[in-house]
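K.L.:
here is my input; please provide its structure:
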Amino acid sequence: MLKKAIPIKSKHVRDAARGQSCTLQIVGACNGQWETTVLAHLPDESHGIARKADDLSACFACDACHSVIDGRAKWPGLERDYQDWYLRRAQIRTWRVLLDMGVLSIKGVA
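P.N.:
Numbering: from 1, shown residues only. The predicted model follows:
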C-alpha cells in the first residue's frame, strides 16, 4: 500500500506559467493568447473533493484550453478521442519548460 502523499504545491511552478505558451494547444480550441496562460491542474490520484491535483500534475494552458479540460467548454470535434494524449503531451511539455527555466530539476540532468 502506498503511503498517503503530501500535496505538492509550488508558488514558483505556478508563477512560471505566466506569459508562457500554452502546452495543451488543443486543435480547434487553443486561441494563442499566451497572456491568459495559467498552471492548469490535470486529473490524477492526488486530487479529490475540494482539492486540486499536485502542481506536478499540471500544464500551461491558455484560457480557452483550460476551459476545455475543466469542462467549461466542449472538446472540439474528434479531439475528445485524444484527450489522454493531449493531457500527457502537455504535462511533458510543461516539465521540459520548467527544467529549462530552472524551476524543476532532475538529478543527473545537466
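K.L.:
could you look up the SS state of the spatially most central residue of the chain?
P.N.:
In the chain, the residue lying closest to the centroid (CA atoms, centre = their mean) is C59, at 1.6 Å. Under DSSP: H, G, I helix; E, B strand; the rest coil, the three-state class of C59 is strand.
K.L.:
L39 now?
P.N.:
Strictly by three-state DSSP, L39 counts as strand.
K.L.:
and the pLDDT at Y82?
P.N.:
We have a pLDDT of 92 for Y82.
K.L.:
what do you get for the one 10 residues further on?
P.N.:
According to the predicted model, the pLDDT of I92 comes to 97.
K.L.:
that one: neighbour count?
P.N.:
12 (other CB atoms under 10 Å). Any C-beta I mention is one placed from the backbone N, CA and C, and that applies to glycine too.
K.L.:
that one belongs to a strand?
P.N.:
No: counting by three-state DSSP, I92 is not found in a strand; it is helix.
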